[in-house]
Structures are given as C-alpha cells and as structure tokens.
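# the following block contains a protein sequence and its predicted model.
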Amino acid sequence: MKILKRYTLEILALLLALVWLSPFYLMLVNAFKSKLEIFESTLALPKVYQLNNFVEAFEELSFLKTLFNSIFISTMSVLLIIIFSSMAAYALNRNKGKTSNLIFFIFIAAMLIPFQSVMIPLVKVFGDLQSLNMSGLIFMYLGFGTSLSIFLYHGALQSIPKSLDEAAMMDGASKFQTFWYVIFPLLKPITVTVGILNIIWIWNDYLLPSIVLGPGQETIPLKLFFFFGQFTKQWHLALAGLTISIIPVIIGYFIAQKHIIKGVSDGAVK
C-alpha cells in the first residue's frame, strides 16, 4: 500500500511537471517554425528550423535598447522600494504610538486598492508630465510596491531586539548608522524576498509602461506587443522574441541563485 501511494505521488508530480513545462515546450518549438507551420502543426517539432525568426525578432525589438530600458527601470525601482520601505518600516516599528500605527494601517489598507481604480487619475497626472517618462514610471512603481514591502519588513523587524539599537547608540552610532550598519544587514533574508516579489512584477508589467512610456522607451513586455497588429499576428516572431527575452532572466537567476536560495531559506527558518 505504501509503495502504491509512493508511486502515485511520483506519477502525479511528473504529470504536474509536464503541465508546468508544456508552455515552455510550445514556445521553444514554435519559435523555430514559420508562421504557416505554427497553424498547421502547433505541437509537432519543426520540419525546418527557421533561425531567421530570432534575427528578425532581435532587430524588430531593438533588443539591446529595450533590454537596457527593462533592466534600468526594474533595477532602479526595486532599489528604491527596498531603501524606502526598509527605512519606513524601521521607523514605524521602533516608534510605537497611535500615529505610527495609523500610518502603518494606511500602508496596509493601500494594498487593497486595485490599480484599475487609480488608473484614470494616473493617466491624467502623468499625461500632463510627459517629460518624466522613465523617472515617472519608477516613481509609480515605488508608490505601488511600498505597501507590501513595508508590511514584510515590519514583520521581520519584530524578531530583531531593540537592545541592538541601544547598544549601537551607546557606542556613538546615530539612528541612521544604527539602521544601515546593524539592523539592515540582519534583514537580508526579507530583502531578498522583497526584491524577488517586486522584480518579477515590474519586469513582466505591461499596463503601467503602456500608460507612461513614450516611443523609444518601451520595456520588453511592451515591445513584444509590436508583433500583434490590428489585422495580423506574427506568432513566429513573437515567440522567437519571447524566447530571447527569457534568456537574460535565466542568466540573472543563475548568477544570483545562491543568494536567492539562501535568503528564502533563512527567511523560512526565521
């Protein structure tokens, strides 16, 4: 009975893995096909591998420039979210009182407000400030990403005793120095979590960049929409472009994999 249960679980895990991998299979297989062949045999392997799809997609996407835009916006947004959220959470956690509790409650309540309800005011405000472009988008990401990040940092700070702050201040450190040199290094696990959550959201976001960014400043998700026109859909180029756009993410993951796994596991232990 135990053996049957074990093999049943293994088969279910294998089936779930196949379901999870199926979109990647469809993307990779069809990225090498012609447009006609995609509609003739979506699941089959390519009869002739169309490597020109990748060359054309690379050129149409202005990939290096678009990649730089995505990296710049994502990196700056996540860095600002981490800096401001951690400092705000520290101030709210260490200064207990009605005012700090009210401010914390406002940040938590902001998590419940759907983006669609503020989209029209954002279009109005940033429509009058077209010169902001990337900086405006980063500012908006900071606003939308701060609430959840403060909530996570605030919870993590509960496990760090105030005696560390007092000891640092007795040694002559200011509050700013105490936070950055004593407290913030201890928040590395939750910082990794905050970074992962926000960079996934920002990197893949389409709606906010479509509202704010002008021509020549598109991110990868926004630029990929170029292949879907009113009358034609260039699936072969879109899938090739999507495959190319995934490569930097995979490279970035393998580079940071050690820190990501350590940060998440440390956070789980705490």
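Nice, I can see it.

# so where's the chain uncertain?
Applying pLDDT under 70 to the chain flags residues 1-6, 125-132, 229-232, 257-270.

# mind redoing it with 80?
The chain contains residues with pLDDT under 80 at 1-7, 9, 115-116, 119-133, 214-215, 226-233, 252-270.

# report the central residue of it.
In the chain, the C-alpha nearest the mean C-alpha coordinate belongs to residue 200, at 1.9 Å (Cα atoms, centre = their mean).

# show me where the stretch 51-200 of the chain has its helices.
Secondary structure of the stretch 51-200 of the chain (DSSP state H, counting those that start in this stretch): helices at 52-60, 63-94, 98-110, 116-127, 134-157, 163-170, 175-178, 184-186, 188-204.

# elements contacting the first one?
Translated: helix 52-60. Here helix 52-60 touches helix 235-269, going by 3 or more Cβ pairs under 8 Å, 6 or more residues apart in numbering; DSSP states H and E. C-beta coordinates here come from the backbone N, C-alpha and C atoms, glycine included.

# next one: the fourth one
For helix 116-127, the packing partners by 3+ Cβ pairs under 8 Å, 6+ apart come out as helix 134-157, helix 207-212.

# repeat for the second one
Helices and strands touching helix 63-94, as assessed by 3+ Cβ pairs under 8 Å, 6+ apart, comprise helix 98-110, helix 134-157, helix 188-204, helix 220-224, helix 235-269.

# same list, those helices, but as JSON lines with distance to residue 49 please.
Listed next are those as JSON lines, based on distance: least, Cβ to Cβ, whole Å:
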{"stretch": "helix 98-110", "distance to residue 49": "49"}
{"stretch": "helix 134-157", "distance to residue 49": "37"}
{"stretch": "helix 188-204", "distance to residue 49": "28"}
{"stretch": "helix 220-224", "distance to residue 49": "22"}
{"stretch": "helix 235-269", "distance to residue 49": "11"}
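
# of all the ones you listed, which one is nearest residue 60?
helix 235-269 (6.5 Å; Cβ to Cβ).

# ok so, going back, would you turn the helices of the stretch 51-200 of the chain into TSV with distance to residue 8?
Compiled in TSV, the helices of the stretch 51-200 of the chain are given as follows (distance: least, Cβ to Cβ, whole Å):
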stretch	distance to residue 8
helix 52-60	41
helix 63-94	42
helix 98-110	42
helix 116-127	43
helix 134-157	37
helix 163-170	50
helix 175-178	54
helix 184-186	43
helix 188-204	33
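
# looking at those, which is closest to residue 18?
Using Cβ to Cβ, these put helix 188-204 closest to residue 18, at 23.4 Å.

# the helices of the stretch 51-200 of the chain: which one's closest to residue 219?
Of all these, helix 63-94 comes closest under Cβ to Cβ, at 4.4 Å.

# relative to helix 163-170, how tilted is that closest one?
90 degrees (axes from the mean of the first three to the mean of the last three Cα atoms, to 10 degrees).

# which parts of helix 63-94 are buried?
For helix 63-94, the buried set under the neighbour-count rule, 16 or more other Cβ atoms under 10 Å, comprises 63, 66-67, 69-70, 73-74, 76-78, 80-82, 85-90, 92-94.

# rewinding a little: so which of the helices and strands packed on helix 63-94 is nearest residue 28?
Across these, closest to residue 28 is helix 235-269 (Cβ to Cβ), at 6.3 Å.

# re the thing from before, list the contacts of the residue nearest to the centre of the chain.
Going by Cβ atoms under 8 Å, 6 or more residues apart in numbering, residue 200 touches no other residue.

# also residue 145?
So residue 145 contacts 77, 78, 81, 85, 198, 201, 202 (Cβ under 8 Å, 6+ apart).

# how close does it sit to residue 115?
12 Å (Cβ to Cβ, to the nearest Å).

# kindly report the same for residue 204.
14 Å.
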